[in-house]
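Novice: Structure here, sequence nowhere to be found:
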């Protein structure tokens, strides 16, 4: 599975599109500092529903062309709220994909995050990379991220290749900074293809590391890796611009950059 290709020749046709990742809203487990993982399919709390509504209001005028969502209830509820506020989503189908599930924390699910940290310390391993018994390793989660990204690239390319912009190979230059506040359509104005993905905190953390360390994602000035790899807040928003080229019948990622990371200014509204 080849996702990334460095292309230097001019005149290569490409499709540039936006990718917005959203973490689900708060659940009661989040509020109480308990791990959910995969075995506990909890609903959004009252606060989580309000957060999802706020994210939907913030994104209401942003055009989306595709919506992919974890098949877990908290993510589906969050995506549903966002889509109900957004007129561009009225004709779209929410595609639920188990590849977007939260990381499995094995025997630690349902227990306190503090217990998880103590388990990691007792095992002499770092938090949050520790894998409890019966849980997923970081590598296993990364494989799910890679598989989903490949699947999403092929789907997006097949559906929207006719919407590609001008010929070329490079993604647009990164912004000068990664503001925690800004316009809802930052980075995607004038880009007709924009994918919304609603998923989970630990999953997003693994995805961010993969984007930076293996796909060489370009970061905005002022955004360091410590912030990039931190846990996104509930309904935190991350946006990327991707470019793909076509090689035979397959679509290959040729560039990726971050527009902003873990934005949550909608929560102040």
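Specialist: Perfect, thanks for sending it. These numbers were taken from a predicted model, which means no experiment stands behind them. Numbers count the residues shown, from 1 in each chain.
Novice: what's near enough to touch residue 188?
Specialist: When contacts are counted by CB atoms under 8 Å, 6 or more residues apart in numbering, residue 188 touches 18, 20, 62, 63, 194, 239, 241, 259. Just so you know, the C-beta spots here come from the backbone N, C-alpha and C atoms, and that holds for glycine as well.
Novice: Residue 150 should be in a helix, yeah?
Specialist: Yes - the assignment for residue 150 by DSSP: H, G, I helix; E, B strand; the rest coil puts it in a helix.
Novice: How many neighbouring residues does it have?
Specialist: By the criterion of other CB atoms under 10 Å, residue 150 has 18 neighbours.
Novice: coming back round to it: mind checking which of the contacts of residue 188 are in helices?
Specialist: Nothing among the contacts of residue 188 maps onto helices, per DSSP state H.
Novice: so which of the residues you listed comes closest to residue 253?
Specialist: Nearest to residue 253 out of these is residue 241 (CB to CB; 11.6 Å).
Novice: Same list (the contacts of residue 188) but as JSON lines, adding neighbour count, pLDDT and distance to residue 114.
Specialist: What follows is the contacts of residue 188, written out as JSON lines (neighbours: other CB atoms under 10 Å; pLDDT from 0 to 100; distance: CB to CB, whole Å):
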{"residue": "18", "neighbour count": "24", "pLDDT": "96", "distance to residue 114": "37"}
{"residue": "20", "neighbour count": "23", "pLDDT": "98", "distance to residue 114": "32"}
{"residue": "62", "neighbour count": "21", "pLDDT": "95", "distance to residue 114": "37"}
{"residue": "63", "neighbour count": "17", "pLDDT": "95", "distance to residue 114": "42"}
{"residue": "194", "neighbour count": "22", "pLDDT": "97", "distance to residue 114": "39"}
{"residue": "239", "neighbour count": "24", "pLDDT": "97", "distance to residue 114": "32"}
{"residue": "241", "neighbour count": "22", "pLDDT": "96", "distance to residue 114": "38"}
{"residue": "259", "neighbour count": "23", "pLDDT": "94", "distance to residue 114": "34"}
